[in-house]
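Asker: show me the folded form of this:
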Amino acid sequence: MKQILVLACFLALFTTNTVSAQQDKSKRASPPAVVTETLSSGATLTIDYSQPSVKGRTIGKEIAPYGQVWRTGANEATVFEVSKDVKVEGKALAAGKYSLYSIPGEKEWTIIINKTWKQSGTQYSEAEDAIRFKVKPGKANAFTEKMTFTVAKTGKVALAWGDVLIVFNVK
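Answerer: Down below sits the predicted model:
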């Protein structure tokens, strides 16, 4: 009886440690990142994402293929959250949590803010799109190995990755 109790305790401890290790997102190849900024409009914008690395690959070919919907990050869908109603590139977006996808292109990227925020990055449904808009990709000043979002108080959102820079505005 004592051996069974010891074995049960050991298994419980092992299972707890295994589950804990599986949930530690910092150990992933594409680590998690969060950027939060309170905009001059008073809205707080948070982008919660995982940072894929370029690793010598070509954006638009081996990673984030041109013309295909991409989760704009890695692992789970990137979460785009606003605390108040805002306008994103002039389009109204109600306060709430959303997922962020894109369709990369050589001359134009389509940015997609989707109503379903808590999902795998590969479970995109166009029927759930809240808004879409197009932006022209720019050339980054410096190479960025891990995809990185920044948000300025002015509402300028920038995505830097490799030598690509994507910018859009939230007001």
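Asker: C-alpha only now, for contacts and for neighbours.
Answerer: OK.
Asker: check the secondary structure at residue 79 for me.
Answerer: Look at residue 79: counting by DSSP: H, G, I helix; E, B strand; the rest coil, its state is strand.
Asker: find the nearest non-adjacent residue to it, please.
Answerer: residue 99 (4.6 Å; Cα to Cα, 6 or more residues apart in numbering).
Asker: isn't the one you found up against residue 76?
Answerer: No - if you go by Cα atoms under 8 Å, residue 99 and residue 76 don't touch, sitting 9.4 Å apart.
Asker: how about the contacts made by the closest residue to residue 147 other than its chain neighbours?
Answerer: Of all residues not flanking residue 147 in the chain, residue 161 sits nearest, at 4.5 Å (Cα to Cα, 6+ apart). Shown in contact with residue 161 (Cα atoms under 8 Å, 6 or more residues apart in numbering): 54, 140, 143, 144, 145, 146, 147, 148.
Asker: doesn't the fifth one fall inside a helix?
Answerer: The one in question is residue 145. No - Residue 145: not assigned to a helix; according to three-state DSSP it is strand.
Asker: pLDDT value on it, please?
Answerer: Predicted confidence (pLDDT) for residue 145: 97.
Asker: nearest to residue 167, of the contacts of residue 161?
Answerer: Closest approach between the contacts of residue 161 and residue 167, by Cα to Cα: residue 140, at 10.6 Å.
Asker: can you list phi and psi of residue 128 for me?
Answerer: The phi/psi pair for residue 128 (degrees, to the nearest 10) reads phi -100, psi 10.
Asker: how many neighbouring residues does residue 127 have?
Answerer: By other Cα atoms under 10 Å, the residues close to residue 127 number 8.
Asker: now for the contacts of residue 161, which pair is the farthest apart?
Answerer: Greatest spatial distance in the contacts of residue 161: 54 and 140, 14.0 Å, computed using Cα to Cα.
Asker: those two: which is more packed in?
Answerer: More crowded of residue 54 and residue 140, by other Cα under 10 Å: residue 54, with 18 against 15.
Asker: ok, now how distant is the more buried one from residue 164?
Answerer: Noted for residue 54: a distance of 11 Å to residue 164, by Cα to Cα, to the nearest Å.
Asker: how about residue 120: what's its closest non-neighbour residue?
Answerer: Using Cα to Cα, 6+ apart and skipping the chain neighbours, the partner closest in space to residue 120 is residue 76 (4.4 Å).
Asker: list the contacts of that neighbour.
Answerer: Applying Cα under 8 Å, 6+ apart to residue 76 gives the contacts 49, 50, 118, 119, 120, 121, 122.
Asker: just the C-alpha atoms of stretch 145-159, please, in CSV.
Answerer: Taking Å, rounded to 0.1, in the frame of the first residue of the first chain, the C-alpha atoms of stretch 145-159 are listed here in CSV:
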residue,chain,number,x,y,z
GLU,A,145,16.3,38.2,-37.3
LYS,A,146,13.3,37.7,-35.0
MET,A,147,10.0,39.2,-36.2
THR,A,148,9.3,42.2,-33.9
PHE,A,149,6.3,44.5,-33.5
THR,A,150,6.6,48.0,-32.1
VAL,A,151,3.8,50.4,-31.2
ALA,A,152,4.3,54.2,-30.8
LYS,A,153,2.1,56.5,-28.7
THR,A,154,1.0,58.1,-32.0
GLY,A,155,-0.6,54.7,-33.0
LYS,A,156,2.1,53.8,-35.5
VAL,A,157,2.4,50.0,-35.5
ALA,A,158,5.5,48.6,-37.2
LEU,A,159,6.4,45.0,-38.0
